[in-house]
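Enquirer: Just to be clear, the model below is a prediction. Sequence and coordinates:
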Amino acid sequence: MNFLKSDLMRNFTIGFVAGALFLFAQSGADLFDSAIPEAQAQTAE
């Protein structure tokens with residue numbers, strides 16, 4: 001691929017992917033828990 005020919009772009013891409021995977025691994029479970037709130041039924045009084 002010509003896009004990843006230069007060392008700067010290759011290193012930036014590898015670093016970005018590694019950082020994204022690290023952040024997802026650290027907060028992946030928290031994101032799924034907070035994205036979908038627990039269902040609560042409302043009762044008529």
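Expert: Done, it's in. Keep in mind the model is a prediction, meaning the values are calculated, not measured.
Enquirer: Could you report the neighbour count for A44?
Expert: A44 has 3 neighbours, counted by other Cβ atoms under 10 Å. In this view, the C-beta of every residue, glycine as well, is placed from N, C-alpha and C.
Enquirer: For it, report the pLDDT, please.
Expert: For A44, the model assigns a pLDDT of 78.
Enquirer: can you check I14 too?
Expert: Taking I14 on its own, its pLDDT is 93.
Enquirer: Then P37?
Expert: Value for P37, per-residue pLDDT: 69.
Enquirer: cool, and R10?
Expert: Looking at R10, the pLDDT reads 86.
Enquirer: all helices for this protein, in order.
Expert: Using DSSP state H, the helices assigned to the chain run over residues 7-35.
Enquirer: Could you count how many residues lie near F12?
Expert: With other Cβ under 10 Å as criterion, F12 counts 12.
Enquirer: Now do A41 against M9, distance only.
Expert: Using Cβ to Cβ, to the nearest Å, A41 is found at 53 Å from M9.
Enquirer: same question, V17
Expert: Distance from V17 to M9, by Cβ to Cβ: 12 Å.
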